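**Student:** One predicted model, sequence on top.
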Amino acid sequence: MNTTFLTRDDVAAVTPSAIATSHDGRRSDRYRFVPTVEIIDSMEANGWGVARIRAPKSRTSLSREFGLHQLEFQDRNAVGIADPRQQGNPIFPRIHIINSHNGTSRFEVLAGLYAMVCSNGLMVSAGSVGEFSVRHNASFNAEEAHRIIGEFRERMGTLAEAVDKWSQVQLDREQATQFAIAAARIRWNKPDEAMPEPVSLLQANRLVDAGDDLWRTFNRVQENLIGGGFKRSRRVARKVSQLRESNRINSELWDLASQTALALS
């Protein structure tokens, strides 16, 4: 299965704010406009295409034209990381750019993985390849953004090491249960929130995800934690659709898996 890259027209149709050529006109003189469209052009020039766009549902035209957006870039020529679950369905490292032109977010660069076997986006912990986040102020500009993104591109290869290592770490039933309990607390972390049964998060939705290694366990838990659809006390867990909450859960779950691999290695 090949990645379908989005054209400039696709980006404009889905998220007009990503191609804005100015901010919303309501920023102070201290605000430094960093056009996402320049980032798109720079990434394309370096062989990275837009593979996915995400943005909150816009309530106003200003939000649609200048609001928060997240673009996922993938190397057009990447062979991908071999997925231990199923050969022939590689995992692709992606660079996530989060930006806005109305003051609702910082400019952020994050790392992620895209596993084609189940089409889930895995946001990587900041500690794995680094993290960059900065306010739109006079000390930051597009050139600085390009430099940071270049550093991220060079670090992406380290993610293959984690995938290989986790596939070799075996969990017994108790360890898998404890992993699921800790994962549930990432999403439901208030005393009055009902916790799901660990088995709900450990349930495999496809045959290739069935197994006791950490990589398969992580993928099952991640998909169920974000996708919901299972009983949580008397309620049915909803899908996580909020962009920043999805990123937070993914990143913290990656941290949990990294800590588990370290403890069991």
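**Tutor:** Received, thanks. Residues are numbered from 1 along each chain as shown.
**Student:** now the nearest residue to residue 213 once chain neighbours are set aside: how far from residue 82?
**Tutor:** Once flanking residues are discounted, residue 213 sits nearest to residue 167: 5.3 Å by C-beta to C-beta, 6 or more residues apart in numbering. Every C-beta, even on glycine, is put in place using the N, C-alpha and C of the backbone. Computed as C-beta to C-beta, to the nearest Å, the residue 167 to residue 82 distance reads 10 Å.
**Student:** Could you do residue 51 as well?
**Tutor:** The value you get for residue 51 to residue 82, if C-beta to C-beta is used, is 19 Å.
**Student:** Name the SS class of the closest residue to residue 78 other than its chain neighbours, please.
**Tutor:** Spatial nearest neighbour of residue 78, excluding adjacent residues (C-beta to C-beta, 6+ apart): residue 92 at 5.8 Å. The local conformation at residue 92, judged by DSSP: H, G, I helix; E, B strand; the rest coil, is strand.
**Student:** and residue 92, what pLDDT?
**Tutor:** As predicted, residue 92 sits at a pLDDT of 87.
**Student:** Quick check: bridge partners of it?
**Tutor:** residue 114 (DSSP bridges).
**Student:** from here on, count from 32
**Tutor:** Understood, numbering begins at 32; the last thing we discussed is residue 123.
**Student:** Quick one: residues contacting it.
**Tutor:** For residue 123, the contact set (C-beta atoms under 8 Å, 6 or more residues apart in numbering) comprises 34, 82, 105, 106, 109, 111, 112, 144, 145, 147.
**Student:** and these, which are buried?
**Tutor:** For these, a burial check counting by 16 or more other C-beta atoms under 10 Å picks out 34, 82, 105, 106, 111, 112, 144, 145, 147.
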